[in-house]
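Participant: I'll drop the sequence and a predicted model, then ask my questions.
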Amino acid sequence: MPIFLEPLDVIDDLKGFQSVLIVSCPICPPMCVSIQQGKPFLQPLKHGVKTKAFEDYISSIEDALAKHGVRTDAFTMRFPVPMMCLWTERQRARIMKRARDFEAVLVLGCDSATYTAIDALRETNCKVFQGMQVKTITNATMTFPSRATVTLDWHPLPSKPKIGDLTGPRAET
Ligand code: SF4
């Protein structure tokens, strides 16, 4: 179920570390950043399965941390399970392996994605931060304005919808 997330400003929290690994869920976060920036979700011929707007967002965090002398790297996994809330034991073990050389991990995802990182890193001293805030669940229609571009036509739902709201009419945009 897509979760609507908004980026949080975490640079002040992270600038005191020497190294930060940015771990992102490849499902809801790219979707939300492309919607928020009004940019394509996918351009497979140019960027494969990556969302350029989201990759640029990750780069902007890396650039901001580099100004404070923080070493960064970015990490995600799409196989066998892309949703970070459902990553397998083997995927969780891979986070731990990648995070071994970092003092902190920044999770770009929901609370459940952050829990996955905390669970994977529970036997380490790595500090885990959440870089996005859950606003609500959401819905979008995937559209194909050209053969080379996939966009998302967002249907914002009321904030904190109740079960009954989910069967009602769409909120006005
Ligand atoms: S971990 Fe959160 S952000 Fe990622 S797919 Fe699951 S619900 Fe969406």
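Facilitator: Cool, got the structure.

Participant: after the longest helix seen in the chain, which helix or strand is next?
Facilitator: The longest helix of the chain (DSSP state H) is helix 52-66. Sequence-wise, the next helix or strand downstream of helix 52-66 (DSSP states H and E) is strand 71-75.

Participant: for that following strand, list every residue counted as buried.
Facilitator: By neighbour count on 16 or more other C-beta atoms under 10 Å, the buried set for strand 71-75 is 72, 74. (Each C-beta comes from the backbone N, C-alpha and C, glycine too.)

Participant: run the angle between the next helix or strand after that strand and strand 71-75 for me.
Facilitator: Using DSSP H and E, the helix or strand that follows strand 71-75 in sequence is helix 89-99. Angle of helix 89-99 versus strand 71-75, following axes from the mean of the first three to the mean of the last three C-alpha atoms, to 10 degrees, is 160 degrees.

Participant: helix 89-99 near the ligand at all?
Facilitator: No. Figure legend: helix 89-99 not in contact with the ligand (C-beta under 6 Å from any ligand atom); closest approach 11.9 Å.

Participant: quick one: contacts of the next helix or strand after that helix?
Facilitator: Per DSSP H and E, helix 89-99 leads on to strand 104-108 as the next helix or strand towards the C-terminus. The contact list for strand 104-108, computed with C-beta atoms under 8 Å, 6 or more residues apart in numbering, reads 7, 10, 14, 17, 19-25, 29, 58, 61, 84, 95, 99, 113-114, 117, 121, 126-132.
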